[in-house]
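In: everything below, folded, please.
(4 chains)
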Number of protein chains: 2
Amino acid sequence: MKTLRVPEATVSRLSIYSRFLERLDKNGITTVSSGEIADGVGVSPAQVRKDLAYFGDFGTRGVGYNVKDLLKYTLKILGLDQEWPLAIVGAGNLGFALCTNRSLSIRGFRIAGVFDNNSTRVGKRIGNLEIKPLAQFPEIVKKENIRIGVIAVHTSLAQEVADIMVKSGMQAILNFSPATINVPDGIEIRNVDLSIKLELITFNLGLRTAQNL
Amino acid sequence: MKTLRVPEATVSRLSIYSRFLERLDKNGITTVSSGEIADGVGVSPAQVRKDLAYFGDFGTRGVGYNVKDLLKYTLKILGLDQEWPLAIVGAGNLGFALCTNRSLSIRGFRIAGVFDNNSTRVGKRIGNLEIKPLAQFPEIVKKENIRIGVIAVHTSLAQEVADIMVKSGMQAILNFSPATINVPDGIEIRNVDLSIKLELITFNLGLRTAQNL
DNA sequence: GACTGTGAAGCCATTCACAGCT
DNA sequence: AGCTGTGAATGGCTTCACAGTC
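Out: Sure, this is the predicted structure:
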């Protein structure tokens, strides 16, 4: 299988294009140009074309891209043509929000288990999902064939939870805590940091103030 | 004032170094080397030195960096030596989680207002904060001197909320919805996407499966 | 005429390797 | 000897500009 080196930034943008295409498709639009995609998501047309070209020749010169087809391709490339069950550890406010947020329960994702060790939470329901004790994590992820774990616990517990996830065979971990997590080679760890972007903002606003703009 | 061009990636890492330094300081550690910081946050030592060198000569050759001093410098650089009041729009599960999450209420940030238009939410409290109707956004942000708005509403309302924020004088917006938001030049918009990293994971796991690894 | 696909150029960020200080 | 600060080299991503196709 041909596996070229694709920039991560390209894959991230592919997610964004894909969602934009879903919207176009829902609105009954059948054809789209790189320029229209670019306008819609805020990048340059050349970027859109280059990104898509990593994966094939999806467009028609002089015409553009077929929305339905391109949508299908992007979903396929991102691996979203199959279902990905997720296991979330941490049923506090953040875990709760993730369970009910559409982002993690559409486009191929399904939350298949929520775990917590806080006895006031275990047994309660989030939607039609029952919060299970962390001890049941290994058996449930095996039964449900879960390969991706989501960390939504407090910083101080994050590494511990990650270790359990690794031991239970998770192949990838999405970490919503600000902790730096260590995992063995071969396991993918991704962090979603809720405050880094905020500190980028204050850095920039600080500069602005310093320059009296 | 000296304003060199600093890579955004450098500023983001500075946030991470800064948090790591807080931890060291709390543990009573007084001196740290670029190698130790690198190990602690998962980057290369050269990267740490280069990043810090953008802002000054904070270290001592042969010794390392003074933890307390470097922490203070990083906070100053990030603009976190002052208080930044935030206004969150959207008091659903995500907004609620953000209000209660420590990430947005430490290190210089303070949630100074939460707004929603859903009448079942308005008037309720999150901690010691009362959810206000969106109509009060302009007057409250003026009174509280808020420059940064946080969008935690559903995708379909995100642009509308952003427009209100811009009209009310927000200088920067942190957007937690997957919508692509348009703002005038001079206003900073940053997106925190809850699912892009997840789709990066499925992309990579998909490749792995394709290669039978 | 319109729009894609792509080599080449340009730009930005990271890594290397070492001089310089303690 | 140990560690920082930094020019130089490398690597990676984005933009440019245009040939190719409809």
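In: immediately after the lengthiest strand in chain A, which helix or strand?
Out: With secondary structure taken from DSSP state E, chain A has its longest strand at strand A:109-116. Sequence order places strand A:125-126 as the next helix or strand after strand A:109-116, per DSSP states H and E.
In: following that next one, which helix or strand shows up next?
Out: strand A:129-133.
In: so what touches that next one?
Out: Here strand A:129-133 makes contact (C-beta atoms under 8 Å, 6 or more residues apart in numbering or on different chains) with A:91, A:99, A:111, A:113-117, A:121-125, A:140. To be clear about C-beta, it is placed using only N, CA and C from the backbone, and glycine gets the same treatment.
In: so what secondary structure elements neighbour the top helix by length along chain A?
Out: Identified as the longest helix of chain A according to DSSP state H is helix A:8-26. Judged by 3 or more C-beta pairs under 8 Å, 6 or more residues apart in numbering or on different chains; DSSP states H and E, helix A:8-26 is in contact with helix A:34-41, helix A:45-53, helix A:67-77, helix B:196-210.
In: with just CA atoms, put that helix into PDB.
Out: C-alpha atoms of helix A:8-26 as PDB (Å, rounded to 0.1, in the frame of the first residue of the first chain):
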ATOM      1  CA  GLU A   8      -0.300  16.300  10.200                       C
ATOM      2  CA  ALA A   9      -1.500  19.800   9.400                       C
ATOM      3  CA  THR A  10      -3.000  18.400   6.200                       C
ATOM      4  CA  VAL A  11      -4.800  15.600   8.000                       C
ATOM      5  CA  SER A  12      -6.200  18.200  10.500                       C
ATOM      6  CA  ARG A  13      -7.500  20.400   7.700                       C
ATOM      7  CA  LEU A  14      -9.000  17.300   6.000                       C
ATOM      8  CA  SER A  15     -11.200  17.000   9.100                       C
ATOM      9  CA  ILE A  16     -12.300  20.600   8.600                       C
ATOM     10  CA  TYR A  17     -12.900  20.200   4.900                       C
ATOM     11  CA  SER A  18     -14.900  17.100   5.500                       C
ATOM     12  CA  ARG A  19     -17.200  18.800   7.900                       C
ATOM     13  CA  PHE A  20     -17.600  21.700   5.500                       C
ATOM     14  CA  LEU A  21     -18.500  19.200   2.800                       C
ATOM     15  CA  GLU A  22     -21.100  17.600   5.100                       C
ATOM     16  CA  ARG A  23     -22.700  21.000   5.300                       C
ATOM     17  CA  LEU A  24     -22.700  21.600   1.600                       C
ATOM     18  CA  ASP A  25     -24.100  18.200   1.000                       C
ATOM     19  CA  LYS A  26     -26.900  18.800   3.500                       C
END
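In: in that helix, what's buried?
Out: Neighbour-count burial for helix A:8-26, counted by 16 or more other C-beta atoms under 10 Å in any protein chain shown, picks out A:10-22, A:24-25.
In: skipping adjacent residues, who's closest to the residue nearest to the spatial centre of chain A in space?
Out: Centroid-nearest residue in chain A, with C-alpha atoms, centre = their mean: residue A:104, separated by 7.3 Å. Nearest residue to residue A:104 in three dimensions, chain neighbours excluded: residue A:98, at 5.5 Å (C-beta to C-beta, 6 or more residues apart in numbering or on different chains).
In: which residues of chain A lie near DNA strand D?
Out: A:5, A:7-10, A:43-44, A:46-47, A:49-50, A:60-63 (C-beta under 7 Å from any atom of the strand).
In: flag whichever of those scores worst on pLDDT.
Out: Among these, residue A:5 carries the weakest pLDDT, at 82.
In: low-confidence ranges, chain A, go.
Out: Along chain A, segments meeting pLDDT under 70 span A:1-4, A:210-213.
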